[in-house]
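Participant: I would like to see how this sequence folds:
(2 chains)
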There are 2 protein chains.
Amino acid sequence: MISERCAFAEGDVICIASTIISKAKGYTRNLDSIIAGEQAMRIADKTGEDPRFIQVVLDQACDVLIETPFTLTQLPWGHVGVRSGVDASNVEDGMIITLPPDPMKEADEIREEIKTIAGKNCRVIITDTCGRSFRRGQTGHAIGWSGMAAIRDFRGDHDLFGRMLEITEEAIIDEIAGFANLVMGESNNGIPAVLFRGIPSWNGHDNLYFNPDEDIIRKSLEKSENGSKTEPYSGRK
Amino acid sequence: MISERCAFAEGDVICIASTIISKAKGYTRNLDSIIAGEQAMRIADKTGEDPRFIQVVLDQACDVLIETPFTLTQLPWGHVGVRSGVDASNVEDGMIITLPPDPMKEADEIREEIKTIAGKNCRVIITDTCGRSFRRGQTGHAIGWSGMAAIRDFRGDHDLFGRMLEITEEAIIDEIAGFANLVMGESNNGIPAVLFRGIPSWNGHDNLYFNPDEDIIRKSLEKSENGSKTEPYSGRK
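Facilitator: Numbers count the residues shown, from 1 in each chain, chains lettered A, B, ... in the order given. Model prediction:
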């Protein structure tokens, strides 16, 4: 459907809202079919949410960083998000929508499909709307990508005065995903995909997610009473 | 200088890197003129940085959230950032550059100046490059703004199926600042300002920064041993 509506050119960056991928692929759960377990009951009792909803949140997660006042979890592919990115907006009643279980694979597949249908080598970002620490409001983030590195790596570069740089790794895919989110709008705007043309390529790497040992904020959360570690997370899969 | 190089139109959003504002206004410190105090000596001893550099970081801060392995501070106007946003890149040797002490005032002033020089009513965002929790790499963030609300407020809106939305506040200025940062580049690219045309207006509010009581991550940090609270922060000034 996107290929029918876009005239792709070489190197285009297409940002796609994770919601429509989850809908198209059926990454949804019917609330009626879910039986909440003990941990979900306990958390829901504190947050005032539907225990079945919390059960879906826990089903997606490999680790729970915070239980209350909102559930902050890590997903098996590395992403840390509120309520595992599970959402009951913009989906039919009684259904809840989960993030794709392997967003990198989805991005690869979409990139391949565009190549097949349109004959163009494009770059793909799958976006989700996420909160941030220390700042109110959500912004668009990249949760899957293909055809580009997540992070532009400036390490070893010099500044205008010839000294080594202090800012060395730029999460470009999140900067693109954020602006795509603005164009998509939330609410009832319903724009599911945004095309960027003319973004140059860059060198870098895909290590967007910290290992728990490197993640200072996370280590601090684990020391505090909010944390409720369920199982160790062993790095990006 | 920006007005000489841009043909502004009504409603344009101009993003300006905080670095060039600090340089133009002299928000810099000479390392030779700084005497490190006891707290700066103690932190520098742990991080291996120049104690005089840490002293400047502390001079900017109203609160220290984390001391090591990097200093995470809050600035009096609400922003939480690594090393108070103090930077020794892209400035002459021996000088360090600090964030503007009142970025909202700077944004207001620039907006007024553009109105006077170009006769156009523009929107202004002052950007800085910041790290994030749980994700590697820095992205552009808004630290000052004028002529628009920081956050688009969807509260009370309905989704495509007529139910109340779960995502309700979008930090649009950070989404614009992020993309501006991509266009600016870091390193030796040296693009200090980026003009956006055609961004619609939105309704919202300016409460970009949490009060400490609402900030769950921050409260958890304060409970952990990393936190080193110096004085209470009483909300955005």
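Participant: got the domain ranges for chain A?
Facilitator: Domain ranges of chain A: A:7-22+A:101-218, A:28-98, per automatic domain parsing.
Participant: now render the ones you listed as JSON lines, adding distance to chain B and mean neighbour count.
Facilitator: All C-beta spots, glycine's among them, are computed from the backbone N, C-alpha and C. As requested, the domains of chain A are exported to JSON lines (distance: least, CB to the nearest CB, whole Å; neighbours: other CB atoms under 10 Å in any protein chain shown):
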{"stretch": "domain A:7-22+A:101-218", "distance to chain B": "3", "mean neighbour count": "20"}
{"stretch": "domain A:28-98", "distance to chain B": "4", "mean neighbour count": "18"}
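Participant: can you list the ones you listed in CSV and add mean pLDDT and distance to B:Glu10?
Facilitator: Converted to CSV, these look like this (pLDDT from 0 to 100; distance: least, CB to CB, whole Å):
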stretch, mean pLDDT, distance to B:Glu10
domain A:7-22+A:101-218, 91, 20
domain A:28-98, 91, 33
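Participant: any chance of CSV for the ones you listed, columns distance to B:Phe53?
Facilitator: Output for the domains of chain A, formatted as CSV (distance: least, CB to CB, whole Å):
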stretch, distance to B:Phe53
domain A:7-22+A:101-218, 11
domain A:28-98, 30
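Participant: among those, which comes closest to B:Val57?
Facilitator: Of all the domains of chain A, domain A:7-22+A:101-218 sits nearest to B:Val57, with 12.5 Å by CB to CB.
Participant: which secondary structure elements does the host helix or strand of A:Arg152 contact?
Facilitator: Secondary structure from DSSP states H and E places A:Arg152 in strand A:151-153. Contact partners of strand A:151-153 among helices and strands, from 3 or more CB pairs under 8 Å, 6 or more residues apart in numbering or on different chains; DSSP states H and E: strand A:169-170, helix A:172-184, strand A:204-205.
Participant: quick one: which of the ones you listed is nearest A:Leu72?
Facilitator: helix A:172-184 (18.1 Å).
Participant: and the contacts of the closest one?
Facilitator: Helix A:172-184 has contacts (CB atoms under 8 Å, 6 or more residues apart in numbering or on different chains) with A:13, A:15, A:17, A:125, A:127, A:129, A:139-142, A:145, A:148, A:150-152, A:191-194, A:196, A:199, A:202, A:204, A:208, B:132, B:135, B:137, B:139-140, B:170, B:172, B:174-176, B:178-179, B:181-182, B:199.
Participant: dump the very next helix or strand once past that helix to PDB, keeping only the CA atoms.
Facilitator: Next helix or strand after helix A:172-184 toward the C-terminus (DSSP H and E): strand A:193-196. The C-alpha atoms that make up strand A:193-196 are tabulated as PDB, following Å, rounded to 0.1, in the frame of the first residue of the first chain:
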ATOM      1  CA  ALA A 193       4.300   6.700   6.900                       C
ATOM      2  CA  VAL A 194       6.600   9.700   6.100                       C
ATOM      3  CA  LEU A 195       9.100   9.800   3.300                       C
ATOM      4  CA  PHE A 196      12.400  11.800   3.600                       C
END
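Participant: hmm, who's touching strand A:193-196?
Facilitator: Here strand A:193-196 has contacts from A:2, A:6, A:8, A:12-17, A:20, A:176, A:179-180, A:183-184, using CB under 8 Å, 6+ apart.
Participant: at 6 Å instead, please
Facilitator: Strand A:193-196 has contacts (CB atoms under 6 Å, 6 or more residues apart in numbering or on different chains) with A:2, A:6, A:12-16, A:180, A:183.
Participant: and the helices in chain A?
Facilitator: Assigned by DSSP state H, chain A shows helices spanning A:2-5, A:18-25, A:38-47, A:51-60, A:103-118, A:172-184, A:216-223.
Participant: before we move on, the earlier item: can you say which of the helices and strands packed on strand A:151-153 is nearest to A:Asp45?
Facilitator: Among the helices and strands packed on strand A:151-153, the nearest to A:Asp45 by CB to CB is helix A:172-184 (33.1 Å).
Participant: now that closest one against helix B:172-184, angle please.
Facilitator: Orientation of helix A:172-184 against helix B:172-184 (axes from the mean of the first three to the mean of the last three CA atoms, to 10 degrees) gives an angle of 130 degrees.
Participant: distance between helix A:172-184 and the chain's centre?
Facilitator: Relative to its chain's centre, helix A:172-184 lies at 12 Å (CA atoms, centre = their mean, to the nearest Å).
Participant: and if you look at stretch A:14-22?
Facilitator: The answer for stretch A:14-22 is 10 Å, by CA atoms, centre = their mean.
Participant: pull up the distance across that stretch, start to finish.
Facilitator: End-to-end distance of stretch A:14-22 (CA to CA, to the nearest Å): 17 Å.
Participant: if we can go back for a sec, which one of the helices of chain A lies closest to B:Tyr27?
Facilitator: Minimum separation from B:Tyr27 across the helices of chain A (CB to CB) falls at helix A:172-184, 25.0 Å.
Participant: by how many degrees do that closest one and helix A:18-25 diverge?
Facilitator: Angle, helix A:172-184 to helix A:18-25, by the same axes, to 10 degrees: 80 degrees.
Participant: need the contact list for the most centrally placed residue in chain A.
Facilitator: The centroid of chain A falls nearest to A:Ile143 when counting by CA atoms, centre = their mean (3.1 Å). Counting by CB under 6 Å, 6+ apart, A:Ile143 touches A:79, A:103, A:126, A:128.
Participant: take those residues and keep only those in strands.
Facilitator: Mapping those onto strands (DSSP state E) picks out A:126, A:128.
Participant: closest one of the contacts of A:Ile143 to B:Ile97?
Facilitator: A:His79 (33.5 Å).
Participant: what's the closest one sitting at in phi/psi?
Facilitator: Backbone torsions of A:His79, given as degrees, to the nearest 10, read phi -60, psi 140.
Participant: quick check: chain neighbours aside, which residue is closest to it?
Facilitator: Nearest non-adjacent residue to A:His79, counting by CB to CB, 6 or more residues apart in numbering or on different chains: A:Ile143, 5.7 Å away.
Participant: related to what we said a few turns ago, could you dump the helices and strands packed on strand A:151-153 into CSV with distance to B:Ile117 added?
Facilitator: Output for the helices and strands packed on strand A:151-153, formatted as CSV (distance: least, CB to CB, whole Å):
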stretch, distance to B:Ile117
strand A:169-170, 32
helix A:172-184, 28
strand A:204-205, 39
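Participant: these: which one's closest to A:Gly119?
Facilitator: Among these, helix A:172-184 comes nearest to A:Gly119, with 23.1 Å by CB to CB.
Participant: CA atoms of that closest one as CSV?
Facilitator: Extracted in CSV, the C-alpha atoms of helix A:172-184 (Å, rounded to 0.1, in the frame of the first residue of the first chain):
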residue,chain,number,x,y,z
ILE,A,172,20.5,10.0,13.8
ILE,A,173,17.7,7.5,13.4
ASP,A,174,16.0,8.8,16.5
GLU,A,175,16.3,12.4,15.1
ILE,A,176,14.7,11.3,11.9
ALA,A,177,12.0,9.2,13.7
GLY,A,178,11.2,12.2,15.9
PHE,A,179,10.5,14.5,13.0
ALA,A,180,8.5,11.8,11.3
ASN,A,181,6.4,11.5,14.4
LEU,A,182,5.6,15.3,14.2
VAL,A,183,4.5,14.8,10.6
MET,A,184,2.5,11.7,11.4
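Participant: who's in contact with stretch A:18-30?
Facilitator: Under the contact criterion CB under 6 Å, 6+ apart, stretch A:18-30 has outside partners A:56, A:95-100, A:106, A:126, A:128, A:192.
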